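>>> Pasted the sequence and its predicted model underneath.
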Amino acid sequence: MGKGLPTIRGDGVYQKALDFGIERLNCGEWLHFFAEGKVNMTREFIRFKWGVGRAIMECNKAPIVLPFWHQGMENILPNRAPYIPRIGKKITIVFGEPIDLKEILEGMKKHNLNPVAIRKKITDIIEEEMKPLKIQAEALHDSLLLK
């Protein structure tokens, strides 16, 4: 799960790491966004941060979003001390269908929506696609732990 961006919580959507990420996307590279903006210490769904919407909105060519949810990482690398990686643990990853936001972006820009509205809408679309993946990953992961 490489190519993540070292963003700083609380610094908003206009930070250097996100600028760099947009540059990389414009070069045709891929990035891994942790759109929650922090390590999720619980199993609750956390609202996504708008930086992901900004990155997609400001790309020269709308990137394809490949949504996925992983479950069980906290058992491999605990969120609390001691932070010692553990082997032999199970992780579950569920992938969704690719999301092409090109037409949606073009429509919003054509109707002159302001940048805040556009990045919020993009983030909301991705967030809604992720919710069922979370449920699927948790159910599959829990069922695998019982075996």
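Here it is on my side, so go on.
>>> Can you list the helices and strands that the longest helix seen in the chain packs against?
Across the chain, the helix with the greatest residue count (assigned by DSSP state H) is helix 115-145. Packed against helix 115-145 by the contact rule (3 or more Cβ pairs under 8 Å, 6 or more residues apart in numbering; DSSP states H and E) you find helix 51-58, strand 68-71, strand 92-95, strand 99-100, helix 102-110. (Glycine included, C-beta is placed from N, CA and C.)
>>> Deepest-packed of the ones you listed, please.
helix 51-58 (a mean of 24; mean count of other Cβ atoms under 10 Å).
>>> now the angle from it to helix 115-145?
130 degrees (axes from the mean of the first three to the mean of the last three Cα atoms, to 10 degrees).
>>> sorry, back to before: if you average the pLDDT over the longest helix of the chain, what comes out?
When pLDDT is averaged over helix 115-145, the result is 94.
>>> Can you list the buried residues in that helix?
Residues of helix 115-145 classed as buried by neighbour count (16 or more other Cβ atoms under 10 Å): 118-123, 125-127, 130, 133-134, 136-138, 141.
>>> The helix or strand bottoming out on mean pLDDT in the chain: how far from the chain's middle?
Lowest on mean pLDDT, DSSP states H and E among the helices and strands of the chain sits helix 73-76, with a mean of 88. Centroid separation for helix 73-76 versus its chain: 18 Å, with Cα atoms, centre = their mean, to the nearest Å.
>>> cool, stretch 66-74 as well?
That offset, for stretch 66-74, works out to 10 Å (Cα atoms, centre = their mean).
>>> Ok, stretch 101-113 next?
Worked out by Cα atoms, centre = their mean, stretch 101-113 lies 21 Å from the chain centre.
>>> In CSV, could you pull the C-alpha coordinates for that stretch?
C-alpha atoms of stretch 101-113 as CSV (Å, rounded to 0.1, in the frame of the first residue of the first chain):
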residue,chain,number,x,y,z
LEU,A,101,-15.7,10.9,-12.5
LYS,A,102,-14.9,12.5,-15.8
GLU,A,103,-18.6,13.2,-16.8
ILE,A,104,-19.6,14.3,-13.3
LEU,A,105,-16.6,16.7,-13.1
GLU,A,106,-17.3,18.1,-16.6
GLY,A,107,-21.0,18.7,-15.7
MET,A,108,-20.2,20.5,-12.4
LYS,A,109,-17.6,22.7,-14.1
LYS,A,110,-20.0,23.4,-17.0
HIS,A,111,-22.6,24.6,-14.5
ASN,A,112,-19.9,26.8,-12.8
LEU,A,113,-20.1,25.2,-9.4
